[in-house]
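K.L.:
Coordinates only, no sequence provided:
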């Protein structure tokens, strides 16, 4: 009788809603990509929601979901369309939503005519929900020299805001570098830009420009470091960036802060001598780049990365770039281990998340 009673209790417990929900969650899977198109994906987790953005080119669109595996069904809203004739009216790239001092900010690159005019801009929303309220233009986020700039990300590091982005040394294309600067507030730089990475290693210097592009005025070679994203773990700070031309073997590199001194001292950053995430033709994933990161909580807490990739080697830098995501681990030396891009079925992220 005691044995029968014991198994009856077990059956009742296993049938409870909370346990069934956990079992259902554990059994759910997804496959990459998580959306058919989405260059330059970005994710921010806040108060039980994921807020997602990607490049649309013409506006700033925000998605909101409880689980990133459900991105295809996520609520979406165009939160900002720039007025015609403004310096930020065209070619809106790589938007990122952030939250500082209980306000929302979206950073994005834009121009008025063509690529040479790309600069970074930021809008602000004071509503508790970024899908509601009004977004207002705060202005251009620029260094004193007003150089070409794209792909800005912002970090609150021990109470101080820092921005990292990709820029040209001068006024012409040919090489994109990674720069960093302090911010006085979310829309104003308080220091000169500092160069912390440039495409100098052999694997970063794949930048042959197609002949047809050269006929339209592009230079024969463009060497690229872009898409810098901050990554923190166990009191360590990294910047994961994208290297090589996006129409070739785009991949990701790693910068590591030594944990001492000023983030604006280039000597305090070390570049990994090999890429940390590369394409996988065997898995049908090409040109992975522009990575972002989030962490779930709960019994199956995991670190996740999101990035865009192409389904073939000839898809270039257009809208075939789609968001992929997968969990990653950490090496014994404390650096991230991203593994290789995958399209196999993965368990969905735990629905309880943190920033």
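P.N.:
Happy to help now that I have it. Predicted model only: the values in this text are computed from it and were never measured.
K.L.:
switch to C-alpha atoms for all contacts and neighbour counts from now on
P.N.:
Will do.
K.L.:
residue contacts, residue 321?
P.N.:
Applying C-alpha atoms under 8 Å, 6 or more residues apart in numbering, we find residue 321 in contact with 37, 38, 39, 308, 309, 310, 311, 315.
K.L.:
Out of those residues, grab the one that's most surrounded.
P.N.:
Neighbours here are counted as other C-alpha atoms under 10 Å. On that basis the top member of those is residue 309, with 33 neighbours.
K.L.:
looking at this, that one is in a helix?
P.N.:
No - residue assignment for residue 309, taken from DSSP: H, G, I helix; E, B strand; the rest coil, gives strand, which places it outside any helix.
K.L.:
Skipping its backbone neighbours, what lies nearest it in space?
P.N.:
Distances taken as C-alpha to C-alpha, 6 or more residues apart in numbering place residue 288 nearest to residue 309, at 4.3 Å, with adjacent residues excluded.
K.L.:
How about residue 305?
P.N.:
Nearest non-adjacent residue to residue 305, counting by C-alpha to C-alpha, 6+ apart: residue 293, 4.5 Å away.
K.L.:
what helix or strand is that neighbour on?
P.N.:
When secondary structure is defined by DSSP states H and E, residue 293 falls within strand 286-296.
K.L.:
Walking through the stretch 101-250 of the chain, point out its strands one by one.
P.N.:
Chain-ordered strands for the stretch 101-250 of the chain, with DSSP state E, counting those that start in this stretch as the definition, fall at 103-111, 119-125, 136-140, 149-157, 160-167, 175-185, 188-189, 194-197, 223-233, 236-243.
K.L.:
Nearest approach to residue 283 belongs to which of those strands?
P.N.:
Closest to residue 283 of the strands of the stretch 101-250 of the chain, according to C-alpha to C-alpha: strand 236-243, at 19.9 Å.
K.L.:
How far off centre is that closest one?
P.N.:
Strand 236-243 has its C-alpha centroid displaced from the chain centroid by 11 Å (C-alpha atoms, centre = their mean, to the nearest Å).
K.L.:
From the contact counts, what lies against the helix or strand just after it?
P.N.:
Next in sequence after strand 236-243, counting helices and strands by DSSP H and E, comes strand 251-257. The contact analysis (3 or more C-alpha pairs under 8 Å, 6 or more residues apart in numbering; DSSP states H and E) places strand 251-257 against strand 236-243, strand 269-271, strand 286-296.
K.L.:
ok, and what's touching the shortest one?
P.N.:
Contact partners of strand 269-271, identified using C-alpha under 8 Å, 6+ apart, comprise 196, 197, 253, 254, 255, 256, 257, 258, 263.
K.L.:
Could you find the closest non-adjacent residue to the last one?
P.N.:
Beyond its immediate neighbours in the sequence, the residue positioned closest to residue 263 (C-alpha to C-alpha, 6+ apart) is residue 257, lying 7.3 Å away.
K.L.:
how about the residue nearest the centre of the chain, what does it touch?
P.N.:
In the chain, the centroid-proximal residue (C-alpha atoms, centre = their mean) is residue 292; its distance is 3.1 Å. When the contact criterion is C-alpha under 8 Å, 6+ apart, the partners of residue 292 are 41, 42, 43, 229, 305, 306, 307.
K.L.:
need these in JSON lines with pLDDT, neighbour count and distance to residue 143, can you?
P.N.:
As requested, the contacts of residue 292 are exported to JSON lines (pLDDT from 0 to 100; neighbours: other C-alpha atoms under 10 Å; distance: C-alpha to C-alpha, whole Å):
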{"residue": "41", "pLDDT": "98", "neighbour count": "25", "distance to residue 143": "25"}
{"residue": "42", "pLDDT": "98", "neighbour count": "27", "distance to residue 143": "24"}
{"residue": "43", "pLDDT": "97", "neighbour count": "23", "distance to residue 143": "26"}
{"residue": "229", "pLDDT": "98", "neighbour count": "24", "distance to residue 143": "19"}
{"residue": "305", "pLDDT": "98", "neighbour count": "18", "distance to residue 143": "29"}
{"residue": "306", "pLDDT": "98", "neighbour count": "24", "distance to residue 143": "29"}
{"residue": "307", "pLDDT": "98", "neighbour count": "25", "distance to residue 143": "27"}
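K.L.:
could you dump these to JSON lines with secondary structure and distance to residue 184?
P.N.:
What follows is those, written out as JSON lines (DSSP: H, G, I helix; E, B strand; the rest coil; distance: C-alpha to C-alpha, whole Å):
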{"residue": "41", "secondary structure": "coil", "distance to residue 184": "27"}
{"residue": "42", "secondary structure": "strand", "distance to residue 184": "24"}
{"residue": "43", "secondary structure": "strand", "distance to residue 184": "24"}
{"residue": "229", "secondary structure": "strand", "distance to residue 184": "20"}
{"residue": "305", "secondary structure": "strand", "distance to residue 184": "29"}
{"residue": "306", "secondary structure": "strand", "distance to residue 184": "29"}
{"residue": "307", "secondary structure": "strand", "distance to residue 184": "30"}
